[in-house]
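Participant: Return a 3D structure for these sequence lines:
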Amino acid sequence: MKRFALLLALILAAVLLAGYSSSSLASNVGGQLQQDPLSLPSGYNPASEEDGSSYLPDTQYNEYGQTVYAGATPIPLDPIDMPTPTPRPSLTFSYGAVMADRLGLAFEAPVGWYVDTTAADAIVLTDPVAYDNVNATLTIRILPVDSDYKLADVKTEVRNMLSEIGQYNYSEWTTTDLASRTLLKKDGYYANYRGELYDGTIVRGRVMVALLDGNKVISVHMSAPGWFNESYMNVVSHMRDTLQMIK
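Facilitator: Now for the predicted structure:
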C-alpha cells in the first residue's frame, strides 16, 4: 500500500512538472519571458507617462509606459493585478538629421531607419529591425484644413485617427484619454493606444495632432512593438525636441 501511494505521488509530480515546463516554454521567445504589457485602464491619462511639460531625449520609461525617475521606484497602477515584470533590454539609437523638404520640416531620427518620402504630404520612417515581428514606424503628415478649423477640431482628428488605426487587425484595442501637447510650439492634443493583434502580439503607439498657422495641421503617429514601448517613446521625444520648420 505504501509503495502504491509513493508511486502515485511520483506520477502526479511528473505530470505537474511536465505541465509547468510546457507552459514555460510556450511563453519564452528568444530567451525572454513574454508577459503582457500593462493594459490601459479606463480614464488613464497619457501625461502620467511623462516627466514635466516636455519630452526629454534621455527620458526613460518602464515596460508599463511609466516614467522612470532617477532615485525613485515607479509605483504600478494596479499592483494586485499586475504581473511581475521581466524587463527586456532597452533599445538605444544614434540620431541623425532628417530633411522632409516637401513638408518643410527637419528633425532627428534614428540612423539606419528607412525613410519614405514618396507621399507628397507625409514622411514615413521605419525601423528595419523587427521585434516580435513588428517593425516600428514613425509617420509625420501635414494637411491643409478649412479656415474655420479650430483647436477643438484637433481633438476630433486625434479620435478619428485612433479609430481608423484600431478598426483593423486588432482583437483588443484600448486608448487613453486625450491630453494637451504642443508641437512646433503650436497647441494640440495626443493620446496613446494599446492593441493586441489576433496572434497575441502587443502593439503600442501614440497619435499627436497640432494646429499650425496657415490653415494646416501636423500629425505624428508612432507605432511600435509593445514590449519596447519605452525605447520608441524616446524616439518620439527626440523627434519632437528637434522638430523645426525649414521654410
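
Participant: any idea how far I142 lies from G226?
Facilitator: Separation of I142 from G226 (Cβ to Cβ, to the nearest Å) stands at 28 Å. (Glycine included, C-beta is placed from N, CA and C.)

Participant: So for the two, which residue has more residues nearby?
Facilitator: More crowded of I142 and G226, by other Cβ atoms under 10 Å: G226, with 23 against 19.

Participant: residue ranges of the strands in this protein, please?
Facilitator: 28-29, 32-33, 95-100, 105-110, 114-116, 122-126, 137-144, 170-175, 179-180, 188-197, 202-212, 216-225, 244-245 (DSSP state E).

Participant: Please identify which of those is closest to M161.
Facilitator: Of all the strands of the chain, it is strand 202-212 that lies closest to M161, at 4.9 Å by Cβ to Cβ.

Participant: in the protein, which segments are predicted with low confidence?
Facilitator: 1-87 (pLDDT under 70).

Participant: Which parts of it are helices?
Facilitator: Counting by DSSP state H, the chain has helices at residues 2-26, 151-166, 229-242.

Participant: C-alpha coordinates for the shortest one, PDB please?
Facilitator: Looking back up the chat, that one is helix 229-242. Taking Å, rounded to 0.1, in the frame of the first residue of the first chain, the C-alpha atoms of helix 229-242 are listed here in PDB:
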ATOM      1  CA  ASN A 229       7.400  51.000 -25.800                       C
ATOM      2  CA  GLU A 230       9.800  52.800 -23.600                       C
ATOM      3  CA  SER A 231      12.500  52.900 -26.200                       C
ATOM      4  CA  TYR A 232      10.300  54.000 -29.000                       C
ATOM      5  CA  MET A 233       8.700  56.700 -26.900                       C
ATOM      6  CA  ASN A 234      12.200  58.100 -26.500                       C
ATOM      7  CA  VAL A 235      12.400  58.300 -30.300                       C
ATOM      8  CA  VAL A 236       9.200  60.300 -30.300                       C
ATOM      9  CA  SER A 237      10.600  62.500 -27.600                       C
ATOM     10  CA  HIS A 238      13.800  63.200 -29.600                       C
ATOM     11  CA  MET A 239      11.900  63.900 -32.800                       C
ATOM     12  CA  ARG A 240       9.600  66.400 -31.000                       C
ATOM     13  CA  ASP A 241      12.500  68.100 -29.300                       C
ATOM     14  CA  THR A 242      14.400  68.600 -32.600                       C
END
